[in-house]
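Need the 3D shape of this:
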Amino acid sequence: MMMLKMMNPMGSMPSVPGTGDDKDKEDSGLTREEMKEQERLRKEAIMHAEKQRHNKYKKQEEERENVRQNLRDKYKIEKPENDEDEEEEDEDDSFGAKKKEEDDDDPVAQAQKLAAAQLNDAKALAQEKCCLQ
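Residues are numbered from 1 along each chain as shown. The predicted model follows:
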């Protein structure tokens, strides 16, 4: 036994991280609601930092575009029209499904809307007249 103690100067088994001994969580004294509130505040801080980063790079891109435009004006070069390079700006910052934008110029979509409305009106009229007893 003495030989084992000489080989291990710490005298006992050192604690291994990740074994389930989470004394920090137990000793923090926070309730579940307080922990949820801290998590919510942390997420808000992350989102705020992300918006600041986005605004910073947007401002830098505007400055670069201004320099490019000055060079184009100086050397009388036309601005290239590349729709592929332009990125759409999402101001809502949501991660969910995107809403469909309805095109009023599309005659097929208008016809489908009109047909669906007439079908619904016909169904409602038929249900009013044909009541099952």
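
Helices of this protein, start to end?
2-7, 23-27, 32-75, 107-129 (DSSP state H).

Nearest to Glu81, out of the ones you listed?
When the helices of the chain are compared for distance to Glu81 using CB to CB, the nearest one is helix 32-75, at 12.9 Å. Where C-beta positions appear, they are placed from N, C-alpha and C, glycine not excepted.

Can you flag the weakest of the helices of the chain by average pLDDT?
With a mean of 52, helix 23-27 has the lowest mean pLDDT of the helices of the chain.

returning to that earlier point: do you know which of the helices of the chain lies nearest Asn82?
helix 32-75 (12.7 Å).

As JSON lines, the helices of the chain with distance to Glu81 and mean neighbour count would be great.
Formatted as JSON lines, these follow (distance: least, CB to CB, whole Å; neighbours: other CB atoms under 10 Å):
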{"stretch": "helix 2-7", "distance to Glu81": "76", "mean neighbour count": "7"}
{"stretch": "helix 23-27", "distance to Glu81": "57", "mean neighbour count": "8"}
{"stretch": "helix 32-75", "distance to Glu81": "13", "mean neighbour count": "10"}
{"stretch": "helix 107-129", "distance to Glu81": "28", "mean neighbour count": "10"}
